[in-house]
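Participant: got a predicted structure plus its sequence, pasted below:
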Amino acid sequence: MTVKVLLVDDSKLARIVAGKTLAALKPDWTRLEASNADEALELIGREAIDVAILDFNMPGRDGLDLAEELRQAHPHMPIAIITANIQDEVIARARAVNATFVSKPVTEEGLAGFVTGAALRLRQVQK
């Protein structure tokens with residue numbers, strides 16, 4: 001099974017960094033990109049997305065609002081919120097929607113736990 005990951009960040013550079021980090025951890029996973037929540041939802045309407053990695057700070061709807069919407073439609077989808085905004089409120093909101101908090105800058109070490117957990121969750125859902 002090919003795993004499709006959606007990277008959503010308004011910064012092209014941040015998407016490149018997260019994409020390279022993800023490729024180092026899971027080179028066989030396919031990456032799709034969006035620069036905001038509306039683009040992400042449009043992509044999800046056309047593609048079967050397995051995993052979402054969402055920036056918190058974006059124009060329009062933030063990553064946590066998008067995560068809430070995705071969680072309602074896709075209760076088992078592994079979702080990570082990536083941000084340099086390390087505040088208890090942001091972490092608590094991420095946990096409330098069953099999303100993993102990953103701090104920026106995104107590193108292999110920082111993303112590895114989420115990716116490993118996502119792969120395990122996807123295998124369990126397939127059974």
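Facilitator: Looks like it came in fine. These figures come from a predicted structure and were not determined experimentally. Numbering: from 1, shown residues only.

Participant: what about residue 120, how many neighbours?
Facilitator: Counted with other C-beta atoms under 10 Å, residues neighbouring residue 120 total 11. (C-beta placed from N, C-alpha, C; glycine too.)

Participant: ignore what I typed, I meant residue 70.
Facilitator: When neighbours are counted by other C-beta under 10 Å, residue 70 registers 24.

Participant: over to residue 20?
Facilitator: 13.

Participant: try residue 86
Facilitator: Counted with other C-beta under 10 Å, the burial measure for residue 86 works out to 10 neighbours.

Participant: who's the nearest residue to it once chain neighbours are set aside bridged to?
Facilitator: The shortest distance from residue 86 to any residue other than its chain neighbours is 5.6 Å, reached at residue 103 (C-beta to C-beta, 6 or more residues apart in numbering). Beta-bridge partners recorded for residue 103 (DSSP bridges): residue 83.

Participant: just to check, residue 125 is in contact with residue 76?
Facilitator: Yes: the pair residue 125 and residue 76 qualifies as a contact (C-beta atoms under 8 Å) at a distance of 5.0 Å.
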